[in-house]
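Engineer: 3D, please:
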Amino acid sequence: MRLCIVFLGLIMIFLPACQEAVKPLQVDKRAVFFDLKDFFQKEKIRLEKINSFKKTVSINGVSEEKELTTLNFDNELSIFIASDINRPAWSDKYKVDSVFTAQKELSQITYTVLDESLKTKKIAIDFRNNALVNIKIEKATDNAVAQSKQTLSYHVGKGYVIQSEQALSLSDTKTILVQVEYQ
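Structural biologist: Residues are numbered from 1 along each chain as shown. You can find the predicted model right below:
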């Protein structure tokens with residue numbers, strides 16, 4: 001009986017220590033740069049409440065315009081989310097510039113790529129009265145087969161524009177413009 005009590009006592013002592021040992025590692029999830037992914041996840045929720053959109057798509061100058069009551073924002077905003085530069089390995093790959101007003105309010109943050117192998121070349125975020133108003137993203141890729149340039153402009157409360165230009169080595173340059181206005 002005495003041996004059983006000693007054994008139970010040892011289990012009670014070592015059990016909490018074992019539980020501490022198997023706790024998952026806590027990772028610091030603070031964003032190094034402005035968190036585009038989080039911003040656009042919140043925007044998707046806000047935009048689901050809007051039921052009137054005008055969407056214009058132009059391919060090589062040929063345009064089509066539609067009035068819509070709904071959009072799939074998981075698809076529509078995915079290109080903006082994919083431009084997020086918050087990765088631990090990229091913390092030193094972008095130069096950060098901030099502009100402040102005379103009242104010492106943040107007016108603009110600009111991230112400019114230092115490593116040209118990265119697709120997202122520049123992100124400029126404009127603020128007015130401490131609120132985000134515009135995001136402009138410049139992306140580019142260049143390889144032996146194709147060159148691609150994209151300019152993404154997001155205007156809070158108004159809509160967005162996606163301009164793409166793609167030049168394949170054996171064909172003509174293709175330009176695509178997508179413009180969505182919230183009504």
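Engineer: tell me where the chain has strands.
Structural biologist: 53-59, 62-68, 94-100, 106-113, 120-128, 131-142, 146-155, 159-168, 173-182 (DSSP state E).
Engineer: the third one to strand 106-113, inter-axis angle?
Structural biologist: With axes from the mean of the first three to the mean of the last three Cα atoms, to 10 degrees defining the directions, strand 94-100 sits at 170 degrees from strand 106-113.
Engineer: mind listing the strands strand 94-100 pairs with, and their directions?
Structural biologist: strand 106-113 (antiparallel) (DSSP bridges).
Engineer: pLDDT of the strand it pairs with, averaged?
Structural biologist: For strand 106-113, mean pLDDT rounds to 97.
Engineer: mind listing what's buried in stretch 69-83?
Structural biologist: Applying a neighbour-count criterion of 16 or more other Cβ atoms under 10 Å, one finds 71, 73, 76-77, 79-81, 83 buried in stretch 69-83. C-beta coordinates here come from the backbone N, C-alpha and C atoms, glycine included.
Engineer: and those, which two are furthest apart?
Structural biologist: Distance extremes for those: the farthest pair is Leu71 and Ser83 at 18.9 Å, using Cβ to Cβ.
Engineer: re earlier: of all the buried residues of stretch 69-83, which comes closest to Thr110?
Structural biologist: Nearest member of the buried residues of stretch 69-83 to Thr110, counting by Cβ to Cβ, is Ser83, at 14.0 Å.
Engineer: how close does the closest one get to Asn130?
Structural biologist: From Ser83 over to Asn130 the distance is 23 Å, taken as Cβ to Cβ, to the nearest Å.
Engineer: again, but for Leu36
Structural biologist: With distances taken as Cβ to Cβ, Leu36 is found 19 Å from Asn130.
Engineer: the more surrounded of these two?
Structural biologist: Leu36 (23 against 7; other Cβ atoms under 10 Å).
Engineer: my read: that one touches Ile79, true?
Structural biologist: No: using Cβ atoms under 8 Å as the test, Leu36 is too far from Ile79 to be in contact (10.8 Å).
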